[in-house]
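Trainee: model the structure of this input:
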Amino acid sequence: MRPADATLRKVLAGTLFFLKVACLSSCGGGSGSTTTASPTPTPTPAPVPGSCAPSPSASLVVNVRDAPYGAMGDGATNDTDAIQKAVNAVAGTGGTVQIPRGTYMIDAVATSPGYGIRLGNNMTLRLEPGATLKAQTNASAGYIMLLASGVSHVNIVGGGTIQGDLATHAGTAGEGGYCLQLSNGASNIVVADITAREGWGDGFYVSGASNILFCNVTADHNRRQGMSIVDGNHLTIKNSTFTRTVGYADTSGALVCGTGLDIEPNPGQTVSDVLISGCTFSDNLGGGISSGLSQANAGVAFTHDIVIDGNKVTGNGSTSRPRPGIEISGQTSLQRISNNLVDGNTSMGIYLRGGATDIQVTGNTVNNTHASPGTTDVVFRAGYGILVAYLKGITVTGNVGSGNDGCGVCDLNPSGTNTVSGNAVSGKGSCP
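Mentor: As a prediction, the model looks like this:
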């Protein structure tokens, strides 16, 4: 565990927070790559001063434009093979693959089962500012532009962009299409100062990965989710931005998904020890943060020890798709939602539902939640600040806020085991 993160977790958590979560949809699910690799453990280098990324463990630097690699970065040439050859040359050395300014076209379905570039162990991929890996237009229901599968001690850094083909995608099926996927036992990965945008599916997708740091990343205008976490342990997401996730219409025509960050394990999967801190979640059609799973997965998929602290969650949901700023659903225990600014979301600011238990909601500011009178769901159209829906063992204390269209804090059908007190969250409507 990184020293800074360990201190922050200790301050925030005080004790472990164990969670068995359930979510309202299957948007975060789906299998990732099943490819394998043999990790080569190496000592983690010391962090570069002022940066989230550790120093490369070797001085080797390979520029993808240099011979014998010859990437063009001209926005027209297929540079997939050139960049992969550079990655292969550096993998295992502790050195760096440097991708300078330019637009590098990537065939995101070049290699079965549908990925473009695959990273190796013990290396740094540095996308310089102004460098973009851009997916060639394709019709695939799912692709992976950049894959870190079964590898360890990898840094993906530098200020560049990974861009999918959302604007030009030739197909209509599927909800895959990831800019960056970490999977299949990937560990000790740092992703810093990287933008993932325009994915046909998600900007970032985490499945079966551990000891992962996302720092100062941006997920912008992706289709399914900004980031999905379906299986992983010891994950830190800090000082990052998740914005303008658009969702898509299902077979009935209803808008689905579109969440900034979705934590949603599939059957047989577990998400544990997650810290989300200092992030901004804004203008996501499907809500800011969602943590849970369907009732059908209760008891076969799990999450625990999740802290959502000190984030800014604003302007999520819309009249066409009213969704909360923060939503926790299903069988849960001891989850912390604290010190967040939750402002201007549509339907509810913070929503706890679906059998959740032992959730602590403390120190949040919840303002200006918008009602959505056009929806047929009476709960979603009310504009509650904080809503606890038919639950037991919930603590809601020390929260403030004003200007909510519905009730400020509402405990539907209080069970007698909830602690809802000391809040100053006001609303324009009355509580049922």
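Trainee: strands of the stretch 51-200 of the chain, start to end?
Mentor: 61-63, 74-78, 96-99, 102-106, 115-118, 123-127, 131-135, 144-149, 152-157, 161-163, 178-192, 195-197 (DSSP state E, counting those that start in this stretch).
Trainee: among those strands, which is nearest G232?
Mentor: strand 178-192 (7.9 Å; CB to CB). Placement of C-beta: from N, CA and C, glycine included.
Trainee: so for that closest one, what gets flagged as buried?
Mentor: 178-192 (16 or more other CB atoms under 10 Å).
Trainee: again, but for stretch 377-387
Mentor: Judged by neighbour count using 16+ other CB under 10 Å, the buried positions of stretch 377-387 are 379-387.
Trainee: ok, stretch 281-296 next?
Mentor: Along stretch 281-296, these residues count as buried under the neighbour rule (16+ other CB under 10 Å): 281-294.
Trainee: now that stretch, how far from the chain's geometric center?
Mentor: Its chain's average C-alpha position is 10 Å from that of stretch 281-296, according to CA atoms, centre = their mean, to the nearest Å.
Trainee: please apply the same query to stretch 383-390.
Mentor: Worked out by CA atoms, centre = their mean, stretch 383-390 lies 24 Å from the chain centre.
Trainee: and the strands of the stretch 51-200 of the chain as TSV, adding mean pLDDT and distance to C431?
Mentor: Listed next are these as TSV, based on pLDDT from 0 to 100; distance: least, CB to CB, whole Å:
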stretch	mean pLDDT	distance to C431
strand 61-63	98	61
strand 74-78	98	56
strand 96-99	98	55
strand 102-106	98	52
strand 115-118	96	50
strand 123-127	98	50
strand 131-135	98	48
strand 144-149	98	47
strand 152-157	97	47
strand 161-163	98	45
strand 178-192	97	42
strand 195-197	98	40
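Trainee: single out the most deeply packed of the ones you listed.
Mentor: strand 144-149 (a mean of 27; mean count of other CB atoms under 10 Å).
Trainee: partners of that one, with directions?
Mentor: strand 115-118 (parallel), strand 178-192 (parallel) (DSSP bridges).
Trainee: what's the first one in contact with?
Mentor: Okay, so that is strand 115-118. Contact partners of strand 115-118, identified using CB atoms under 8 Å, 6 or more residues apart in numbering, comprise 33, 35, 80, 83-84, 87, 106-111, 133, 135, 143-149, 181.
Trainee: in stretch 297-304, what counts as buried?
Mentor: 297-298, 301-304.
Trainee: how far away is the residue positioned nearest the centre of the chain from T195?
Mentor: By CA atoms, centre = their mean, the chain has its centre lying nearest to M227, at 2.7 Å. Remark: distance between M227 and T195 (CB to CB, to the nearest Å) = 12 Å.
Trainee: find residues that contact each of the two.
Mentor: A219.
Trainee: list the buried ones in stretch 161-170?
Mentor: Under the neighbour-count criterion of 16+ other CB under 10 Å, stretch 161-170 has 161-166, 169 buried.
Trainee: make CSV out of the residues you listed and add distance to F214.
Mentor: Listed next are those as CSV, based on distance: CB to CB, whole Å:
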residue, distance to F214
T161, 15
I162, 13
Q163, 18
G164, 18
D165, 23
L166, 21
H169, 25
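Trainee: before we move on, the earlier item: how far away is the residue nearest to the centre of the chain from S140?
Mentor: 21 Å.
Trainee: then V366?
Mentor: V366 is 41 Å from S140, by CB to CB.
Trainee: where in the stretch 301-432 of the chain is pLDDT low?
Mentor: When residues are selected by pLDDT under 70, those of the stretch 301-432 of the chain lie in 331-333.
Trainee: mind running it again at 90?
Mentor: 301-305, 318-322, 329-335, 353-358, 372-382, 390-393, 412-417, 429-432 (pLDDT under 90).
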